[in-house]
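>>> test case, fold it:
(chains A, B, C and D)
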Number of protein chains: 2
Amino acid sequence: MKLYTKAKRRYIYGMENSENSYPRPIVSVDLAIFALTAAGLEVLLAQRGARPFEGDWALPGGWIHVDEDDDLEAAARRVLNLKTGIVAPYLEQVGVSGDAKRDPRGWSLSVTYMALISPDDVTLRHGGNMTEAAWRPIIADGVDGPLAFDHAAILKTAITRLRSKVEYSTLPVHLLPHAFTLSELQMVYERLLGRSLDKSAFRKRIAEVDFIEPIEGEMRRASNRPAQLYRLKQVHATVFFDRTI
Amino acid sequence: MKLYTKAKRRYIYGMENSENSYPRPIVSVDLAIFALTAAGLEVLLAQRGARPFEGDWALPGGWIHVDEDDDLEAAARRVLNLKTGIVAPYLEQVGVSGDAKRDPRGWSLSVTYMALISPDDVTLRHGGNMTEAAWRPIIADGVDGPLAFDHAAILKTAITRLRSKVEYSTLPVHLLPHAFTLSELQMVYERLLGRSLDKSAFRKRIAEVDFIEPIEGEMRRASNRPAQLYRLKQVHATVFFDRTI
DNA sequence: TAACTTAGTTGACAAAACACACTAAGCTGT
DNA sequence: ACAGCTTAGTGTGTTTTGTCAACTAAGTTA
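Here you go, the predicted model:
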């Protein structure tokens, strides 16, 4: 670090006006993208096409582009769109993982976001330093097989967050397509919780927190009575129940 | 960025083995340190002694020392110890704030931790680029007066997190000293919630989640019946109630 | 049009929360 | 010594809430 003058170092770091010239950690944004398919809850993984961990599977992610991303969420949104084509997902910051050893290239820091999407909305893409992308089922607290970096631990945190929010929030709606029936919503909860719920009690809970609205005119068919279709209310931040579902 | 060869840039960034030479964001760790005093819930603020925001009040924080801090939590612990002398606090990651504009020096990222401490344990210190440290009462969602950077928003997030956890977790114990009575614990909840609780119901809740234990032999005096002293159980991660307190 | 399927509602019973009154155990002043 | 005060800690009846199962509704199929 003694090779350059202080001014030059500042220039290199992009800190012409700064008093700080500490070495900076590497910063990336990683995504735990969840979807509920026929196989159950799945997470989108990408196979790394470059060192380190070349060939290993990892959570999709990327560097922050300081000249392109306005903020962290924008960076997460950019990565998500790159991999799935999705534009307006449910996105939630899960946490940060940072230490000296998780990346062999140096002290690094990964900001994790979790995204909940409907599998209908996805068109998988890959490229850049990711050679392949695939859905992998969630087994217990993670996926089968190892993951690059500390992504197994990060994924575990995201799964825990998701599971705990299922118990007492409206979050699972985001795993459904735009329009859905109450029975479908109940099934989402049941599959995530791994237990069956009472229809009457479930509907009471849903009615208490007023977060969905019927869509007029439409119904959905099987060989039985058709069900009312619903959608998320316009301005909806995840609402919490004051009791478990 | 074109002034230097790729290899030189790598050297400067401390990334001799890296394929990445993106410009990196500035990274810091900031702390929302809460304590419950006679005046109510208070947060520890530090007055900045250097640009930017020189003279303004801010959450105590600092850069990550990549050669000293093993991980993010260690960095938070170092900052906390520096300001308060506390060694084993309750520390919880609240979130990350990062965008292009929050710091005039460039794209920056702040990892926020919240700490809950007993005011008895503190010996305030200051120095470095902080000229002064002081406890400031929490009013509504923040403190009276402006804060440096986006610390008002960060503090608001931390307060929200704290308040919501009070309703359904054992977290408030960390605002008490090592030994305490059930009445004191109830008072902590009441002051944080801003409403009174039923003694009988409160004790039932506390007994349900088995997280404190009586300390033998000791009592605490006033001019009345003495109360049993309790302490946190050894291995205690914050436990959640399945109902509001 | 009877039998079947899933949607959506109602109501009786049981369990839990709530409010409040009670007992317990110390101190203080006369 | 003991009445009266204060705070600790427990018990109880009422009201609210959750649970479970049966019921009605509205379509399809043969």
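>>> any idea of the mean pLDDT in stretch A:156-165?
Rounded to a whole number, the mean pLDDT of stretch A:156-165 is 96.
>>> again with stretch A:207-215
91.
>>> which residues are contacting that stretch?
Stretch A:207-215 has contacts (CB atoms under 8 Å, 6 or more residues apart in numbering or on different chains) with A:170, A:173, A:179, A:185, A:206, A:228-233, A:236, A:239-241. C-beta coordinates here come from the backbone N, C-alpha and C atoms, glycine included.
>>> do stretch A:155-166 as well
Residues from elsewhere that reach stretch A:155-166 (CB under 8 Å, 6+ apart): A:32, A:34, A:43, A:59, A:92, A:94-95, A:112, A:114, A:116, A:138, A:141-143, A:147, A:171-172, A:189, A:192-193, A:238, A:245.
>>> re earlier: if we only consider the contacts of stretch A:207-215, which is nearest to DNA strand C?
Lowest distance from DNA strand C to the contacts of stretch A:207-215 (CB to the nearest atom of the strand) belongs to A:Q228, with 3.3 Å.
>>> my guess is that closest one contacts A:L185, does it?
No - in this structure, A:Q228 is not within contact of A:L185 by CB atoms under 8 Å, at 11.3 Å.
>>> these two: which has the busier surroundings?
Between A:Q228 and A:L185, counting by other CB atoms under 10 Å in any protein chain shown, A:L185 is the more crowded of the two (20 against 13).
>>> count of neighbours near A:G55?
Neighbourhood size, A:G55 [other CB under 10 Å]: 12.
>>> and the gap between it and A:I26?
21 Å (CB to CB, to the nearest Å).
>>> repeat for A:Y189
For A:Y189 relative to A:I26 (CB to CB), the value is 39 Å.
>>> A:L229 in helix, strand or coil?
What DSSP: H, G, I helix; E, B strand; the rest coil gives for A:L229 is strand.
>>> that one: neighbour count?
Neighbour count of A:L229, defined by other CB under 10 Å: 18.
>>> can you turn the buried part of the contacts of stretch A:155-166 into a PyMOL selection?
Here is the PyMOL selection string for the buried members of the contacts of stretch A:155-166, based on 16 or more other CB atoms under 10 Å in any protein chain shown:
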select buried, chain A and resi 32+34+43+59+92+94+95+112+114+116+138+142+143+147+171+172+189+192+245
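>>> in strands, which of the contacts of stretch A:155-166 appear?
Here DSSP state E is the test, and these give A:A32, A:F34, A:V43, A:E92, A:V94, A:G95, A:T112, A:M114, A:L116 as lying in strands.
>>> closest to B:E73 out of these?
Nearest to B:E73 among the ones in strands among the contacts of stretch A:155-166, counting by CB to CB, is A:G95 at 11.4 Å.
>>> returning to that earlier point: now the buried members of the contacts of stretch A:207-215.
The neighbour count (16+ other CB under 10 Å) marks A:T170, A:V173, A:L185, A:I206, A:L229, A:Y230, A:R231, A:L232, A:H236, A:F240 as buried among these.
>>> end to end on stretch A:172-192, go ahead and measure it.
Its start and end residues considered, stretch A:172-192 measures 8 Å (CA to CA, to the nearest Å).
>>> between helix B:151-168 and the longest helix along chain A, find me the angle.
Assignment by DSSP state H gives helix A:151-168 as the longest helix of chain A. Using axes from the mean of the first three to the mean of the last three CA atoms, to 10 degrees, the direction of helix A:151-168 lies 60 degrees away from that of helix B:151-168.
>>> now tell me what touches the host helix or strand of A:G62 from outside.
Following DSSP states H and E, one finds A:G62 within strand A:61-63. Residues from elsewhere that reach strand A:61-63 (CB under 8 Å, 6+ apart): A:26-31, A:75, A:78-79, A:82, A:110, A:128, B:20, B:22.
>>> measure the spatially closest residue to A:E92 that is not a sequence neighbour to B:A39 for me?
Sequence neighbours aside, A:M114 is the residue nearest to A:E92 in space, at 5.4 Å (criterion: CB to CB, 6 or more residues apart in numbering or on different chains). Here the distance between A:M114 and B:A39 works out to 39 Å (CB to CB).
>>> now A:R203
Using CB to CB, one gets 47 Å for the distance from A:R203 to B:A39.
>>> out of these two, which sits in the more crowded spot?
Taking other CB under 10 Å, A:R203 and B:A39 do not tie; A:R203 has more neighbours (15 against 10).
>>> helix, strand or coil for that one?
helix.
>>> can I assume it is in contact with A:L185?
No - applying CB under 8 Å, one finds A:R203 not in contact with A:L185, separated by 9.5 Å.
>>> appreciated, that's everything.
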